[in-house]
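Undergrad: Kindly generate the corresponding structure for this input.
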Amino acid sequence: MDASRLQSTIDWFTDGARSAPTPTQLLAQSCERLVDAGLPLWRVAAFVRTLHPDMLGRYFVWRPGAEVIVNAADFDIEESPEFKQSPLAIVRRSGKELRYRLDDPESRHFPFFDDVRNEGVTDYIVLPLLFTDGSIHLSSWATKHPDGFTDEQLDGLRRVGRPFARLAEIHALRRTATTLLDTYVGNRAGERILAGDIRRGHAETMQAAIWLSDLRGFTPLSDRLPPEIVVDILNQYFDCQVPAIRKHGGEILKFMGDGLLAVFPIAKDGGNLGDVCSRVLLAAREARVNVDAMRYPSGEAVERFRFGVALHIGGILFGNIGGMSRLDFTCIGPAVNLAARLEKIAGKLNRTVVASAAFAGVLTDGWTDLGEFPIAGFSRPQRVFGLRDEVA
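TA: Prediction:
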């Protein structure tokens, strides 16, 4: 092993591995540098837990000459027999390294080793990645060299593991920050906050298609069902809308009880107006089908659901609003107020999807004129349109 090249790699870690700004690049370049230093690596993996509502963490796998593979691990993995009977589980619990030569009879106790043994792996070591908060993450290093790892090479891996863990933690924290912002304020708002747009009053004007929906009969539903059931219903109800909205380019801004506010940004020159409105309408139709198909057992009965959504286009102010150090990244403006009023009219008319004249004027086919209605806070009545394929 080339000690000077190994030290150069450690120095590269200490300096922040600047040539590897992403986790996959960090793993790939780290392994390539170590191979150049004389470590006979065949398979290297890193397993990093994360703070995410849908997954436990991610794992990255490097092999020479191949792209780094990235997979997500769900919350059930730690209870699976495959994980419980793996060397990773032991290191995860103990925080101490574990090494096995694959010709050691003891290695036969781990079914995982059957697969890597078939690849020709001869030696395998799991090193804990110890983060500064005390959490234990994992890295595994395997070789196909007939003699396995030498003591010198194992010592080199241990020396590398410590600075590698620091960089892994930095990448994990960045991803956690992005995930939390995406989860709680949305992608567009999250990007702006991470870019430093965090001062109260910082806002931008933008044109957008506005989506405002709520669940019909939510108040009596909340009155007669236990709170935990209501929460479960709301989660399933929002699952009927959120994937459709995001699939068609929408940004979820806020959940307000049973209400949902989303926007679909329109280009400054308005060149994509027709495309945006078409995507909004597709999302509305998909959400309508999903909510109509939703069922929830309640005692001897089965709950069924309806919702209403108002669609409008207009200018909004999008940014930081709040009091002192407690801010919300949201949108305000007359266009949002009008969408909220139209949604209430949808309920009175027993309609699922309604649109303003501005929205329906972009997509002229498929609408029926429902008439003009006085709108609280607006000086003139507003014309409301409903989908022609709906039966009121």
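Undergrad: which parts of the helix or strand hosting Leu342 are buried?
TA: Using DSSP states H and E, Leu342 sits in helix 334-348. Residues 335-347 are the ones in helix 334-348 that count as buried (16 or more other C-beta atoms under 10 Å). Placement of C-beta: from N, CA and C, glycine included.
Undergrad: List of residues touching that helix?
TA: Contact partners of helix 334-348, identified using C-beta atoms under 8 Å, 6 or more residues apart in numbering, comprise 208, 210-214, 216, 261, 308-316, 352-356, 373, 375-378, 382, 384, 386.
Undergrad: got any ranges where this structure has weak pLDDT?
TA: Along the chain, the parts satisfying pLDDT under 70 run over 188, 195-198, 201, 391-392.
Undergrad: So in it, which helix runs the longest?
TA: The residue-count maximum for a helix in the chain (DSSP state H) belongs to helix 151-184.
Undergrad: now for that one, which elements pack on it?
TA: helix 3-14, helix 23-36, strand 43-49, strand 123-130, strand 136-143, helix 187-194 (3 or more C-beta pairs under 8 Å, 6 or more residues apart in numbering; DSSP states H and E).
Undergrad: chain center to that helix: distance?
TA: With C-alpha atoms, centre = their mean, to the nearest Å as the basis, helix 151-184 stands 20 Å off its chain's centre.
Undergrad: Over to stretch 312-325?
TA: In terms of C-alpha atoms, centre = their mean, the centre of stretch 312-325 is found 23 Å from the chain centre.
Undergrad: for the very next helix or strand once past the helix holding Leu342, which positions count as buried?
TA: As assigned by DSSP H and E, the chain's next helix or strand after helix 334-348 is strand 353-356. By 16+ other C-beta under 10 Å, the buried positions in strand 353-356 come out as Val353, Val354, Ala355, Ser356.
Undergrad: Stretch 18-30 now?
TA: The neighbour-count check on stretch 18-30 (16+ other C-beta under 10 Å) flags Ala20, Pro23, Leu26, Leu27, Ala28, Gln29, Ser30 as buried.
Undergrad: what distance separates it from the middle of the whole chain?
TA: 22 Å.
Undergrad: Which parts of the stretch 201-350 of the chain are helices?
TA: For the stretch 201-350 of the chain, the helices defined by DSSP state H, counting those that start in this stretch occupy 218-224, 227-239, 242-247, 273-293, 334-348.
Undergrad: out of the ones you listed, nearest to Glu67?
TA: Checking the helices of the stretch 201-350 of the chain against Glu67 by C-beta to C-beta gives helix 242-247 as the closest, at 26.7 Å.
Undergrad: Packing partners of the closest one?
TA: strand 251-256, helix 273-293.
Undergrad: Show me what the last one packs onto, helices and strands only.
TA: In other words, helix 273-293. Checking 3+ C-beta pairs under 8 Å, 6+ apart, helix 273-293 ends up next to strand 203-215, helix 242-247, strand 259-266, strand 307-323, strand 353-356.
Undergrad: Any idea which of the ones you listed gets closest to Thr122?
TA: helix 242-247 (46.0 Å).
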